[in-house]
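> Here is the input, now give the coordinates:
(one chain, ligands or ions: 1)
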Amino acid sequence: MAAQGVTPRSEDYARWYTDVVKMADLAENAPVRGCMIIKPYGYELWENIKNALDSRFKATGHRNAYFPLLIPMGFIEKEAEHVEGFAPELAVVTHGGGKELEEPLVVRPTSETVIGHAFSDWIQSYRDLPLLINQWCNIVRWEKRPRLFLRTTEFLWQEGHTAHATKEEAIEETLRMLDVYADMAINECAIPVIKGLKSQQEKFAGAVDSYSIEGMMGNSWALQSGTSHFLGENFAKAFGIQYLDEENELQYAWTTSWGVSTRMVGGVIMAHGDDQGLRLPPRIAPIQVVITPIWKTAEDEELVFRNAKQVENLLREVGVRVHLDSREGLSPGFKFNDWEMRGVPVRLEIGPRDVESQSVMAARRDVPGKDGKQAIPVDGLATQIPALLDDIQQSMLDAATAFRDARLHEAATYDELKEQVADGWSLIWHCGTPECEDRIKEETKASSRCFPLELNEEWNPAGQKCVVCGKPAFGKAWFARAY
Ligand SMILES: [Zn+2]
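Residues are numbered from 1 along each chain as shown. Below you'll find the model as predicted:
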C-alpha cells in the first residue's frame, strides 16, 4: 500500500514523482512557470551532492571562480553550432535601467563563451596551462515541458572549464571528469551509472565529443545525470585562446567543459524512491538518523527525552547527521510515516522500556517491516550506527544494480529492440547516424543514450552492421526511454 496522498508508482509514475517531491518537502513550483522553489530539505540534499563533487574537483586540481550571469548576445553567436543549439532556449534581456540596450544580453545558458573570453586573456604562455576552473551557479534554459528538478527553466549546477596545451591532455581531462562524475553517482548517490560517448546528434552544441553518465530510474527510463565535453579547438578559435609554446610558436589551446546539475536530485528520487516516499542513500541524506521518542505519561516523557537527548549527542559526536523529533501532539505512527516519506535511512525509537534496557530500536528505511528492525545497546551506538549506515549505502547500491542489470538487454534485431525498450534498455550495434536515431525514436520512443565505453573498447573490430538500418555500425549503443 502506498503512503497516504502518494500515487502508487505502478499506477502513474509521473504523478508518484510529483507527489513525493511535494510531500517530502523538497521543492515546489514558482510563480514563473518552469522555475522552482527549492525548500530547505531539498536544498540540503543538493548541498550534500555539491560538497561530494566539490571535494573531488579540488582533489583533481580544479579551482572555483565566478563569471557573470549576463553574456553579450554577440558572444553566443561566435561559435556557429553553439548558437544554433542554444537559440531556442535563450532568455534575452533587451532593457536595462529603463532603456533599451544597444546589444541584447543573454542570461547564461552555459558559460563556454564568457569563460572563453576570460581565458583568452588569462592564457598567454604554455606556462599558464593547464588552466582548471570550476563555477557553481544558476543557469537559464527556457523549458517548454518543465518537471521539478528534472527539467526546469532555471536550475543550479557546476560547470567545469579547462584549457590544455595538447589534444591528448584535453581528452584525458574530459574522461577524468567523467570518471569523477561516475564515482560520485555510484558511491554517494548509490546510482550505478553507465559511462559512454554520446552520439553526434546528442552531443553538446559546439563540442567535438560529449560523454555522459546514464542512470536507470525506477520505471526503467534513463536519466542523463552528468556530461563531459571535449571541445577541441572550437571555442579556442572562436575566442582567441592562444598560447606561446616552448618554441615560441603561437598555438590554440584545447578546451573541455563538464556539468552536473540539480537534475541529479531528481535522479536520486527516481532511482531509489518507493510507494512510501523517498529513500535516501546515507552519504547524501540531510538527516541520516532520526530519533522518535515514544511516551504516554508525563513522567515517561521526561525520562525518554533525557535519554533521547543523550543518544542524539552521542551520535553527533561521532559525525552522524542526527535529528531528534521533539514535535508535540503527533502520534509515533504519524512521525514514522513522515520520516519514511522523507527517506531518512535510519529511525531510532526510544520508549520507557528501551530506557530501562539501555537500548534503542533501530529501523532501516531500505528494509521494510520486522526484517529491518534491530535493538542496539546504547553503549554500542557509536560504532554500530556508522556501520549500519555503511551497510545501507551498500545495500541500496546493490539493489539498484540488481534492478538495472535485470533490465539491460542486448538485441540482435530491431524487433527485439522494440520489445526490450518497453521495460528496459536495449544494446544494439548502431550506425550512430541522426536519421537512424530519429527513426528509432519515432517508432519506439527510445532514444540513443550512449555508446558505453566499457563495451566498446575496440568499437567495431568485426565490421558489424547497424541492427536497424544495415549501415556499418559505429559501435554498441544503449537505447532507452529517457527523461
Ligand atoms: Zn542505423
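> so what's residue 146 up against?
33, 34, 152, 153 (Cβ atoms under 8 Å, 6 or more residues apart in numbering). Backbone N, C-alpha and C define where each C-beta goes, glycine included.
> what's the distance between the closest residue to the last one other than its chain neighbours and residue 140?
What that stands for is residue 153. Nearest residue to residue 153 in three dimensions, chain neighbours excluded: residue 34, at 3.3 Å (Cβ to Cβ, 6 or more residues apart in numbering). Using Cβ to Cβ, to the nearest Å, we find residue 34 at a distance of 9 Å from residue 140.
> Tell me which residues are up against stretch 93-107.
Looking at stretch 93-107 with Cβ under 8 Å, 6+ apart, the contacting residues turn out to be 69, 70, 71, 72, 73, 74, 75, 76, 90, 91, 92, 140.
> Would you check which pair of the residues you listed lies furthest apart?
74 and 140 (18.4 Å; Cβ to Cβ).
> Of the two, which one has the most company?
Per other Cβ atoms under 10 Å, whichever of residue 74 and residue 140 has more neighbours is residue 140, with 19 against 11.
> mind checking pLDDT for the closest residue to that one other than its chain neighbours?
Nearest residue to residue 140 in three dimensions, chain neighbours excluded: residue 107, at 4.3 Å (Cβ to Cβ, 6+ apart). Note on residue 107: pLDDT of 97.
> Give me the phi and psi angles of residue 107.
phi -80, psi 120 (degrees, to the nearest 10).
> For it, give the beta-bridge partners.
For residue 107, the beta-bridge partners are residue 70, residue 91 (DSSP bridges).
> mind checking how far residue 288 is from residue 417?
Taking Cβ to Cβ, one finds residue 288 at 42 Å from residue 417.
> show me the contacts for residue 368.
residue 276.
> Repeat the analysis, applying 10 Å as the threshold.
274, 276, 340 (Cβ atoms under 10 Å, 6 or more residues apart in numbering).
> For the ion, state which of those is nearest.
residue 274 (37.8 Å; Cβ to the ion).
> can you give me the helices in this structure?
Using DSSP state H, the helices found in the chain span residues 13-23, 40-59, 73-76, 80-86, 112-122, 167-187, 234-239, 263-272, 298-317, 332-341, 352-357, 381-405, 414-420, 434-444.
> if I pick the residue of the stretch 51-200 of the chain found nearest the ion, what's in contact with it?
Closest residue of the stretch 51-200 of the chain to the ion, Cβ to the ion: residue 199 (10.5 Å). Residue 199 is in contact with 210, 430-434, 436-437, 447-451, 474-475, 477, counting by Cβ under 10 Å, 6+ apart.
> Thought residue 150 was touching residue 34, still the case?
No: look at residue 34 against residue 150 with Cβ atoms under 10 Å: they stay out of range, at 11.6 Å.
> Overlap in contacts, those two.
residue 143.
> Neighbour count for these two, which is higher?
Of the pair residue 34 and residue 150, residue 150 is the one with more neighbours under other Cβ under 10 Å, namely 22 against 19.
> nearest residue to that one other than its sequence neighbours?
Per Cβ to Cβ, 6+ apart, closest to residue 150 is residue 266, 4.2 Å.
> and the gap between the one you found and residue 364?
Taking Cβ to Cβ, one finds residue 266 at 24 Å from residue 364.
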